[in-house]
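A.B. asks: Only the shape, not the letters, is given here:
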């Protein structure tokens, strides 16, 4: 929906999507169980491309560097938009919904299905996953899986839940 004009456009997706991101005028729709990412034109909603992943994934997002990052099945992986294939992979013990830092090349996610929950971060650089680490908040707060990073990148906002310092979520 165009919030300025009120115009509504619809598009068809062949599988059930579980994640979505918008980057550089394109809409990325992830269908993790089917291992496919559809890429649509943001203005026309026409299908521009699709990328097949070798593994199922729980979440997908486009990094500040233009690479596509997926998380699931014990891995964080980057996919090249231009080559349509896996570029980098790193094992992670947990998974969750990713939230992109607005300035730094970092994604955050809270662990799902474990107690106490924790916040993890992975840093990336031109498609390479360079570091994965957890936060200093392990077990200190009741964390939720859906959260947002503030526009200035300094705070991690959980609703309902605590207000955490996102800059502290770094390698200890």
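C.D. replies: Noted; the coordinates are in hand. Just so it is clear, the structure is predicted and the values come from calculations on it, not from any experiment.
A.B. asks: Quick one: mean pLDDT over stretch 132-143.
C.D. replies: If you average the pLDDT over stretch 132-143, you get 70.
A.B. asks: Worst mean pLDDT across the helices and strands of this structure, which element?
C.D. replies: Each helix and strand of the chain was given a mean pLDDT (mean pLDDT, DSSP states H and E); the minimum falls on strand 163-165 at a mean of 52.
A.B. asks: Show the contacting residues for residue 22.
C.D. replies: Residues touching residue 22, when contacts are defined by C-beta atoms under 8 Å, 6 or more residues apart in numbering, comprise 28, 42. Any C-beta I mention is one placed from the backbone N, CA and C, and that applies to glycine too.
A.B. asks: switch the cut-off to 10 Å
C.D. replies: Taking C-beta atoms under 10 Å, 6 or more residues apart in numbering, we find residue 22 in contact with 28, 40, 42, 61, 62.
A.B. asks: out of the residues you listed, which are buried?
C.D. replies: For these, burial is judged from neighbour counts taken by 16 or more other C-beta atoms under 10 Å, and it is met by 28, 40, 61, 62.
A.B. asks: Using CSV, please lay out those together with distance to residue 5, pLDDT and secondary structure.
C.D. replies: As requested, those are arranged in CSV below (distance: C-beta to C-beta, whole Å; pLDDT from 0 to 100; DSSP: H, G, I helix; E, B strand; the rest coil):
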residue, distance to residue 5, pLDDT, secondary structure
28, 23, 96, strand
40, 19, 94, strand
61, 27, 95, strand
62, 26, 97, strand
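A.B. asks: can you list the weak-confidence ranges in this protein?
C.D. replies: Counting by pLDDT under 70, the chain shows low-confidence ranges at 1-3, 94, 136-145, 159-172.
A.B. asks: how close does the residue located most distally from the centre of it get to residue 43?
C.D. replies: With distances taken as C-alpha atoms, centre = their mean, the residue sitting farthest from the centre of the chain turns out to be residue 5, at 29.0 Å. When distance is defined by C-beta to C-beta, to the nearest Å, residue 5 is 12 Å away from residue 43.
A.B. asks: I appreciate the help and will end here.
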